[in-house]
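Student: Sequence isn't available, so here's the structure alone:
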């Protein structure tokens, strides 16, 4: 209670002293209950407890036209609770124009105007919002992109623009051309999809959507034939399924290049993804809900907000979003099942989670390869290697030799055999995987490390590790493996160089720190060795087996452990 009171007093002091709020009415004019609710809302808001924040703000709405900062926090909370229309109404009904001194207010008003097909009003709000364009890089990109889109929607042509925002500009150009039915639309999408500077596979969906909308069905089939269910995203797996099953009407039900709201919705989804990649979950959810407001048909995009809630440990909210995905959306329904299983694992443990997943999987009549692959991975992660091997084998038997997917599946099955101690089958799978794809650093690393642990083909294992390290020098597991290889052959000075790098790259890994302690002991740096061993004991991920061994080493030294 005392901490809460201190927080309220600090917030009150900041509000009272900050010039930004000097336009507000005197706090003496406010009811004490309203103030208490408002300050409680601010604390909940700052602690990212948005549901509670909105409750407190709703209880103090008398401040709406009296205190400038209230409207911003209130509308932001409304959008985060997916009440975008209510947030827009709160802004439009504000009797104090000075309250509209924040970027998000104009963004909401622009969205409202677009929703009503009022491009002139949207342009008016856009011009008013330009005062915020230099607040940060995102604002500048958003406003300039919206300016170009509005020009295209109004004038049916693209705006010549010297400002270049890299790949975002390429994406914008593709959608503008698609909207205008420009003959260069195909090349724009292909340039984007084949861009070597990042993963733009999501836009394969929009390219296929464009082809289907223009009755180029065979071209759409040709594109989806190149996709594989196992290594494609959810959206592309669903896309492939729709095309293969001739459910072509499903595309137009969720997106159309002819609809300006759909296009701006996708742009806002992109901004949401950028914020999510920077782990700014709150901002990501804000833009995602605004995206959904403009195009509520594209419910498949809700996977991002479900993931955001999951990462934020808001599991009940995540489960509510997941209910959107029924069996009509085959791959998204499976995403729902997996995510629900992960939530059960967090709450009740791995056994209950895998039981839930297995039960749901058993009720699917014709599970596709993606589902079988995921079940195999769940069993492998739960150390039920026999079942994992069974499911991996089901997929491997259907694949042609030479497939990179087959290479990955052999790697996973080989790793499962290795965990069971069946080294002959493990080596066969891992070597077969390397035959398909000789430069897979992780397979090289796994096979070589397995050999080192068995004191088998040490020289050949060392050569494989050198090759793996050359391919992935900044991977901490590979750095640890080659360092440990040098340790096993007695070259402790060389070993220390690699393991030290692995510790720097992965400072909270128990095994890497344990290895570093062992090497330091061999180099007669005993005090440092015990420091790292003690550090492993304090790490949350240290299991009982490693702790038992380290306790012996701390007391008796390495040679007696």
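Tutor: Arrived safely, thanks for sending. If you're wondering where the values come from, they're calculated on a predicted model, not measured in any experiment.
Student: So residue 244 sits against residue 224, correct?
Tutor: Yes - with contact defined as CB atoms under 8 Å, residue 244 counts as touching residue 224 (6.9 Å). Glycine gets a C-beta too; all of them are placed from N, C-alpha and C.
Student: Compare those two (neighbour count), which wins?
Tutor: In this view residue 244 and residue 224 are compared by other CB atoms under 10 Å, and residue 224 has more residues nearby, 18 against 12.
Student: I'd like the distance between that one and residue 240.
Tutor: 5 Å (CB to CB, to the nearest Å).
Student: Could you find the closest non-adjacent residue to residue 367?
Tutor: Ranked by CB to CB, 6 or more residues apart in numbering and with sequence neighbours excluded, the top spatial neighbour of residue 367 is residue 361, at 6.5 Å.
Student: Cross-check the contact I'm expecting between that neighbour and residue 373.
Tutor: No - counting by CB under 8 Å, residue 361 does not reach residue 373; the two are 11.6 Å apart.
Student: out of those two, which sits in the more crowded spot?
Tutor: Per other CB under 10 Å, whichever of residue 361 and residue 373 has more neighbours is residue 373, with 22 against 19.
Student: need the contact list for residue 416.
Tutor: 380, 385, 388-389, 392 (CB atoms under 8 Å, 6 or more residues apart in numbering).
Student: Among these, which pair sits farthest apart?
Tutor: By the measure CB to CB, 385 and 392 form the most distant pair in the contacts of residue 416, at 10.0 Å.
Student: Who has more neighbours out of the two?
Tutor: residue 392 (28 against 19).
Student: what separates that one from residue 406, distance-wise?
Tutor: Relative to residue 406, and taking CB to CB, residue 392 is found at 10 Å.
Student: Likewise for residue 252?
Tutor: 36 Å.
Student: Between the two, which is the more surrounded one?
Tutor: Comparing residue 252 with residue 406 by other CB under 10 Å, the one with more neighbours is residue 406, at 20 against 14.
Student: Next, the more buried one: secondary structure please.
Tutor: Under the three-state scheme (DSSP: H, G, I helix; E, B strand; the rest coil), residue 406 adopts helix.
Student: Give me the nearest residue to residue 501, chain neighbours excluded.
Tutor: Closest residue to residue 501 apart from its sequence neighbours, by CB to CB, 6+ apart: residue 479 at 4.8 Å.
Student: Tell me where the model's unsure across the stretch 151-300 of the chain.
Tutor: 162 (pLDDT under 70).
Student: what number of residues lie near residue 308?
Tutor: By the measure other CB under 10 Å, the count of residues near residue 308 is 23.
Student: Same check on residue 446?
Tutor: 23.
Student: State the distance from it to residue 325.
Tutor: 34 Å.
Student: and if you look at residue 533?
Tutor: 47 Å.
Student: Could you check how far the closest residue to residue 535 other than its chain neighbours is from residue 504?
Tutor: Once flanking residues are discounted, residue 535 sits nearest to residue 513: 5.8 Å by CB to CB, 6+ apart. Per CB to CB, residue 513 is found 11 Å from residue 504.
Student: which residues of this structure score low on pLDDT?
Tutor: Looking at the chain by pLDDT under 70, you get 1-70, 95-99, 162, 402, 560-561.
Student: let's go with 50 and repeat that
Tutor: Applying pLDDT under 50 to the chain picks out residues 1-30, 39, 56, 59-62, 561.
Student: Break down it into its strands, ranges please.
Tutor: Here the chain has no strands by DSSP state E.
Student: buried residues in stretch 421-428?
Tutor: For stretch 421-428, a neighbour-count test (16 or more other CB atoms under 10 Å) marks 422-423, 426-427 as buried.
Student: so can I have CSV of these showing distance to residue 471?
Tutor: Below are these laid out as CSV (distance: CB to CB, whole Å):
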residue, distance to residue 471
422, 27
423, 24
426, 21
427, 21
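Student: Between all of those, which two are separated the most?
Tutor: Across the buried residues of stretch 421-428, no pair lies farther apart than 422 and 427, at 9.5 Å, counting by CB to CB.
Student: Look up how far residue 432 lies from the residue lying closest to residue 418 once chain neighbours are set aside.
Tutor: Nearest residue to residue 418, sequence neighbours excluded (CB to CB, 6+ apart): residue 426, at 3.8 Å. From residue 426 over to residue 432 the distance is 11 Å, taken as CB to CB.
Student: Please point out which parts of stretch 445-455 sit buried.
Tutor: 445-452.
Student: How far does that stretch sit from its chain's centre?
Tutor: Offset of stretch 445-455 from its chain centre (CA atoms, centre = their mean, to the nearest Å): 33 Å.
Student: do stretch 326-338 as well
Tutor: Computed by CA atoms, centre = their mean, the chain-centroid distance of stretch 326-338 equals 18 Å.
Student: Then stretch 531-547?
Tutor: That offset, for stretch 531-547, works out to 30 Å (CA atoms, centre = their mean).
Student: how about that stretch: buried residues?
Tutor: 532-533, 535-536, 542, 546.
Student: Closest to residue 80 out of those?
Tutor: For the buried residues of stretch 531-547, the nearest to residue 80 is residue 542 (37.3 Å; CB to CB).
Student: Near the residue lying closest to that closest one once chain neighbours are set aside, how many other residues are there?
Tutor: Excluding the flanking residues, the one nearest residue 542 by CB to CB, 6+ apart is residue 510, at 4.3 Å. Neighbourhood size, residue 510 [other CB under 10 Å]: 19.
Student: likewise the one 4 residues further on?
Tutor: By the criterion of other CB under 10 Å, residue 514 has 22 neighbours.
Student: Tell me the spatial nearest neighbour of it, not counting adjacent residues.
Tutor: Of all residues not flanking residue 514 in the chain, residue 536 sits nearest, at 5.3 Å (CB to CB, 6+ apart).
Student: these two touch, right, that neighbour and residue 546?
Tutor: Yes - counting by CB under 8 Å, residue 546 is a contact partner of residue 536 at 6.7 Å.
Student: which outside residues touch stretch 373-392?
Tutor: With contacts defined as CB under 8 Å, 6+ apart, stretch 373-392 is touched by 230, 334, 338, 341, 350-351, 353-354, 357-358, 361, 367, 372, 395, 409, 412-413, 415-417, 419-420.
Student: cool, stretch 150-157 as well?
Tutor: So stretch 150-157 is contacted by 119-120, 122-123, 126, 158-159, 176, 179-180, 260 (CB under 8 Å, 6+ apart).
Student: which residues touch the closest residue to residue 518 other than its chain neighbours?
Tutor: Nearest non-adjacent residue to residue 518, counting by CB to CB, 6+ apart: residue 558, 5.9 Å away. Contacts for residue 558 (CB under 8 Å, 6+ apart) come out as 518, 521-522, 529.
Student: ok so, going back, want to try JSON lines for the contacts of stretch 150-157, with neighbour count as columns?
Tutor: Conversion of the contacts of stretch 150-157 to JSON lines gives the following (neighbours: other CB atoms under 10 Å):
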{"residue": "119", "neighbour count": "18"}
{"residue": "120", "neighbour count": "9"}
{"residue": "122", "neighbour count": "25"}
{"residue": "123", "neighbour count": "18"}
{"residue": "126", "neighbour count": "20"}
{"residue": "158", "neighbour count": "17"}
{"residue": "159", "neighbour count": "13"}
{"residue": "176", "neighbour count": "22"}
{"residue": "179", "neighbour count": "21"}
{"residue": "180", "neighbour count": "16"}
{"residue": "260", "neighbour count": "22"}
